[in-house]
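Student: Give me coordinates for this.
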Amino acid sequence: MEQGVLMQFKDLGVAAALGLSALGSSLGIGAAGMAAIGAWKKCYAQKKTAPFLLIVFIGAPLSQTIYGYILMNKIAEAANHGVYLWSFGILGGLAIGLSAMFQGKIGACGADALAETGEGFTNYLIALGVIETVALFVMVFLLGKVDVLAGM
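Tutor: Got it, this is the predicted structure:
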């Protein structure tokens, strides 16, 4: 492939790290948000107090965007040294984004269950934490390898 063509894609890994993680966060927040609104509606219809704690389930997937941002900055640093880590940005961003998406689905189930029973909040948080750990591991492990591969 011609050098000029490759240079057009030099920032692909940088953009993918943030873009894909933010996409996953958006999907996760959307899933949890829709479930929380439905759960609140059920509470209002039954004349029950609607738990404000459902906000936790809605916001949980947002942290993966921050992880993608941190990874993006490290990949950009490597790109400044002439090392373009497309695969780190694409696969890392995708893994972080999928973690966020499924965290939102777990949050959706937690929102429904908490609104219906009023119990189990700690258990639901643990489930959110377990899937969040996947994103943290991906970010940390890739951050450690960027320096090695980029010779920094």
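
Student: C-alpha only now, for contacts and for neighbours.
Tutor: Fine.

Student: Tell me the pLDDT of Met7.
Tutor: Looking at Met7, its pLDDT is 67.

Student: Can you spell out which helices and strands pack onto the longest helix seen in the chain?
Tutor: Longest helix in the chain by number of residues (criterion: DSSP state H): helix 12-45. In terms of contacts (3 or more Cα pairs under 8 Å, 6 or more residues apart in numbering; DSSP states H and E), helix 12-45 is packed against helix 54-59, helix 63-80, helix 86-117.

Student: ok now the second one, how far from the chain's centre?
Tutor: For helix 63-80, the distance from its own C-alpha centre to the chain's C-alpha centre is 13 Å (Cα atoms, centre = their mean, to the nearest Å).

Student: which helices and strands does that helix pack with?
Tutor: Judged by 3+ Cα pairs under 8 Å, 6+ apart, helix 63-80 is in contact with helix 12-45, helix 86-117, helix 121-150.

Student: which regions of this protein lie under the pLDDT threshold?
Tutor: Residues of the chain meeting the criterion pLDDT under 70: 1-7, 152.

Student: could you redo the last one with a cut-off of 80?
Tutor: Scanning the chain for pLDDT under 80 picks out 1-9, 151-152.

Student: on that earlier part again, nearest to Met72, of the helices and strands packed on helix 63-80?
Tutor: Nearest to Met72, of all the helices and strands packed on helix 63-80, is helix 12-45, at 4.9 Å by Cα to Cα.

Student: Nice, that's everything, thank you.
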